[in-house]
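> Generate coordinates for the sequence data below:
(2 chains)
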Amino acid sequence: MRGYRSLVLRDNLDRRDFLKISGAAGIGFWLGNRSLSALAQQTPAPPSRPKTNIEDALKVPRTKYSLPGIFPGKVVEVQDAGAVKDDKPIAKAVHRMFEKGLHSLTKKGGKDSFALFFRKDDVVGIKVNPVGPGTISTHHEVVDALIDWLVANGLPRRNIIIWDRFDYMLKDAGFTPERYPGVGIEGLQTMDEAAAMGKTQDNSRWLRPDGTHVSDANFDLEAYYWADVEGPKDNAYLNQHVFNGKFSYFGKLVTKRLTKIINVPVFKNTGNGISMATKNLGYGAVCNTNRLHGPLFFDVNTEVMAFPALRDKLVLNVTDGLRGQYEGGPDYEAKFAYWLNTLYLSTDPFALDMVCHRAIVAKRKSMGIKVNEHPKFTEYLRYAERLGLGVVDPGKIQHVLV
Amino acid sequence: MKRVVIFGLLLCSVQVLPAFQAAVLPEHLISGWASAGPPSEFKEGDLFDYIDGGAEIFLEFGFDRLLVQDYRKGHSEIVLELYQMESSESALGIYLMKCGIETPIEGVPARNSGDRTQFTILKGRAFIHINNPEGKESLLLVMVDLARALLKFIPQGEPLTLLDELPLEGRIPGSERLIRGPYALESIFTFGEGDVFELQGKIFAVAADYRDQDGEPSTRLIISYPDELRAEAGYRNLRGKLDPFLKIVQERERGFVFEDYRQRIGTVERIGSRLEIRLNLIAPPSGASSFWAQLLRKPAAVSGGTGLM
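The predicted structure is shown next:
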């Protein structure tokens, strides 16, 4: 059962400076003397929003690995109709897809491409998406392909950690030590599902007597995303979010232990937007996030990823499009899931999300789903481009089909 | 023994869903399946705990309670989700949001759409999902049996006339939607923040897509308020909170024409106690000035867009 609560889009457009047009009363309804062009050229006022500490992130000098990474704006899409048989991914086919995609992205073989991103003493975190376990969650065959590549090129298995924000979700989705011997499996936090669902009043499995969350030490109090929005004070919120003030702390795993990150989201929607590469990390690497959905939503993806813990460590994104879901996301909704037989690779998560957003919009339209294409659903990607984190102008993205 | 399990489920449903009460439960339903524990029940305050990111739309349409029952047979699993909505309109509203292109399953005696992975069913105040998480083809008939057994206990509900407000001519079948607040509205178009039409969780708007004589698609949205005063208030609220990406190009006392971020045209007009809205037009609808129609058909005359994708 589900316990994680992630709200669908709530835009915050009550701060507006809409056009003041007056004096047309009494004229025929469709007639008037205003110039359409002149009126249409007026730029919409940028929406105001809560303050954040994004400026802190921007002050930190960039590194050679900083986003958008080694190949800005390049997105490789690998398709293989034989990747899935009888509703199960074929491991060999997925390996081939990954290798082809990597070669197309880097123009190098497995060993040389490894050297582009990693050293043999790196500690590499593979950020999966375990929501919709076993159905729309990151496929093990994709993770296996990544691990095989890393290990084949000299990275010890003990230096690989499969991670997500929630430990129980990893387990539900089959990311266990038994499935991945020698590889670390870590959630940034625990959450008591039974307490979250009201099935028990016993909070002792997540709440200490002093009112603090048992996972609070897993977060780095010196590395945080701050937004001028308070988290709710109730236990249900604290259970899920560890903290409830105005600070969303990064997991210590991300700030202290991992030296590189590979991001492996899945291809799915959330309302009119997508929940893929940037949301997998933007909402997956920090705590106390639900407070942010309403006032900031997708902008959180951009701003959290602007911090060095992600900006300078995320070297590769592989969007798992073996199975996609074009409606009903981010949770699993069977009717709208389908086998897409595709992997997308990029060092630039914002370019990647732009390509995937356009792909899912096209799919939604083809399936008769109502599509609201308001710019606000992709504005966070353009924001990232303005911050120098990605290349999202479709005219500048190099989209390679393999 | 197993059919007792299903019997038990229905009995339980009857106990917690007074609206679905039945005097007699049949003895023979399906066999060979065991429930994986008692059904879980979710009310308004805790629906979030079951639906990750999707509860708001149920609450907006009017939600009473949800029963979830997990069935097992060997390694196979079927999950039943039985939503009791506030009214038949509420159930229809959520069904139209969730059904996608309707693909009815033969043998399910109610409006439905589905495949081997999931049935979506509407009957009266009930909105039902029957999920086959592993998508096993072999479970399709079991899903049908479960649907048939369950539906016997759910009242038909009164006939609905809400969608009759939408003109039939040019209407694209299957495109109809109900709207009762910002979440459902947002799936179609962004007019502004919050309950911009002041539906207040009580008034249903209806929407559908249309094709004109040239085959061009557009969308119509009609809101019938209880009276002119409420309609005027809804109109004023919309006008005052209009999304900044919508640029008004013509206006009069009770209506305006706008251009959206894709340089498509929309119209809003209050006619008595109704608001009639059109979206995604390449030109104003018939009856509009030919001057505007000609101007708007020339792309070069319109500029200053947002460069959306």
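> In stretch B:192-205, which of the residues would be classed as buried?
Under the neighbour-count criterion of 16 or more other CB atoms under 10 Å in any protein chain shown, stretch B:192-205 has B:G192, B:E193, B:G194, B:D195, B:V196, B:F197, B:E198, B:L199, B:I203, B:F204, B:A205 buried. (Each C-beta comes from the backbone N, C-alpha and C, glycine too.)
> Next one: the third one from B:Y183, what distance?
Just to be clear, that refers to B:G194. Distance of B:G194 to B:Y183, given as CB to CB, to the nearest Å: 11 Å.
> And the fourth one, by the same measure?
With the distance defined as CB to CB, B:D195 ends up 10 Å from B:Y183.
> where exactly do the helices run in the stretch 201-309 of chain B?
For the stretch 201-309 of chain B, helices defined by DSSP state H, counting those that start in this stretch occupy the ranges B:228-240, B:290-297.
> now the strands for the stretch 151-300 of chain A?
For the stretch 151-300 of chain A, the strands defined by DSSP state E, counting those that start in this stretch cover A:160-166, A:184-189, A:219-226, A:247-251, A:260-264, A:266-270, A:273-274.
> which residues are contacting the fifth one?
With contacts defined as CB atoms under 8 Å, 6 or more residues apart in numbering or on different chains, strand A:260-264 is touched by A:65, A:117-118, A:122-129, A:138, A:142-143, A:146, A:254, A:277, A:280-281, A:310, A:313-320, A:349.
> and with 7 Å instead?
Under the contact criterion CB atoms under 7 Å, 6 or more residues apart in numbering or on different chains, strand A:260-264 has outside partners A:117-118, A:122, A:124-128, A:138, A:142-143, A:146, A:277, A:280-281, A:310, A:313-318, A:320, A:349.
> Can you list the strands that it pairs with?
strand A:124-128 (parallel), strand A:314-325 (parallel) (DSSP bridges).
> Also the longest one?
Paired neighbours of strand A:219-226 in the sheet (DSSP bridges): strand A:247-251 (antiparallel).
> Kindly export the strand it pairs with (C-alpha atoms) in CSV.
What follows is strand A:247-251, C-alpha atoms only, in CSV (Å, rounded to 0.1, in the frame of the first residue of the first chain):
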residue,chain,number,x,y,z
PHE,A,247,14.6,23.7,5.7
SER,A,248,14.9,20.7,3.4
TYR,A,249,18.1,19.1,4.3
PHE,A,250,20.1,17.0,1.8
GLY,A,251,20.8,13.4,2.8
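> Looking at that strand now, give me its mean pLDDT.
Across strand A:247-251, the average pLDDT comes to 98.
> ok, then the element right after it?
As assigned by DSSP states H and E, the chain's next helix or strand after strand A:247-251 is helix A:252.
> Of all the strands paired with strand A:260-264, which one is nearest B:A231?
strand A:314-325 (38.7 Å; CB to CB).
> Pull the distance from that closest one to the chain's centre.
Here strand A:314-325 is found 10 Å from its chain centre; the criterion is CA atoms, centre = their mean, to the nearest Å.
> what residues are up against residue 125?
Using chain A here. Taking CB under 7 Å, 6+ apart as the criterion, A:G125 is in contact with A:I161, A:W163, A:L253, A:L258, A:I261.
> that answer is for a different chain, and I need it for chain B
B:A19, B:Q84, B:M85, B:S87, B:S88, B:A91, B:G157.
> Tell me the buried residues within those.
Here, 16+ other CB under 10 Å leaves B:Q84, B:M85, B:S87, B:S88, B:A91, B:G157 buried among those.
> Out of these, which sit inside helices?
Counting by DSSP state H, these place B:S88, B:A91 in helices.
> okay if I get the buried ones among the contacts of B:R125 as a markdown table plus pLDDT and distance to B:A147?
A markdown table is the format used below for those (pLDDT from 0 to 100; distance: CB to CB, whole Å):
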| residue | pLDDT | distance to B:A147 |
| --- | --- | --- |
| B:Q84 | 95 | 16 |
| B:M85 | 96 | 18 |
| B:S87 | 96 | 22 |
| B:S88 | 97 | 18 |
| B:A91 | 98 | 15 |
| B:G157 | 87 | 17 |
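> so how far is B:S35 from the residue of the stretch 151-300 of chain B at minimum distance from chain A?
When scored by CB to the nearest CB, the stretch 151-300 of chain B has B:P244 as its residue closest to chain A, at 3.5 Å. Look at B:P244 and B:S35: by CB to CB, they are 52 Å apart.
> Mind pulling up the pLDDT for A:N33?
We have a pLDDT of 32 for A:N33.
> Tell me the gap between stretch A:221-229 and the middle of its chain.
Averaged C-alpha coordinates place stretch A:221-229 at 19 Å from its chain's average position (CA atoms, centre = their mean).
> Flag every buried residue along that stretch.
Neighbour-count burial for stretch A:221-229 flags A:A223, A:Y224, A:Y225, A:W226, A:A227, A:V229 (criterion: 16+ other CB under 10 Å).
> circling back to that earlier point, now flag whichever of the contacts of A:G125 is closest to chain B.
Proximity of the contacts of A:G125 to chain B was ranked by CB to the nearest CB; the top entry is A:W163 with 19.6 Å.
> contacting residues around that closest one?
Counted by CB under 7 Å, 6+ apart, A:W163 has contacts A:G125, A:K127, A:E186, A:G187, A:L253.
> again with A:D87
B:G135.
> That one and B:L80: what is the separation?
As for A:D87, its distance to B:L80 is 22 Å (criterion: CB to CB).
> so B:Y95 is in which element?
Using DSSP H and E, B:Y95 sits within helix B:88-98.
> again, but for A:M97
If you go by DSSP H and E, A:M97 is part of helix A:91-106.
> Give me the buried positions along that helix.
A:91, A:93-106.
> cool, stretch B:150-167 as well?
Within stretch B:150-167, the residues that qualify as buried are B:L150, B:L151, B:F153, B:I154, B:G157, B:L162, B:L163, B:E165, B:L166, counting by 16+ other CB under 10 Å.
> Could you find the closest non-adjacent residue to the last one?
Using CB to CB, 6 or more residues apart in numbering or on different chains and skipping residues adjacent in sequence, the residue nearest B:L166 is B:A208, 4.9 Å away.
> I figured B:F119 hits B:A147, correct?
Yes - at 6.0 Å, B:F119 and B:A147 qualify as touching, with contact defined as CB atoms under 7 Å.
> can you list residues touching both of the two?
Residues within reach of B:F119 and of B:A147 at once, by CB under 7 Å, 6+ apart, are B:V108, B:I130.
> neighbour count winner among those two?
Using other CB atoms under 10 Å in any protein chain shown as the criterion, B:F119 and B:A147 rank with B:F119 on top: 26 against 23.
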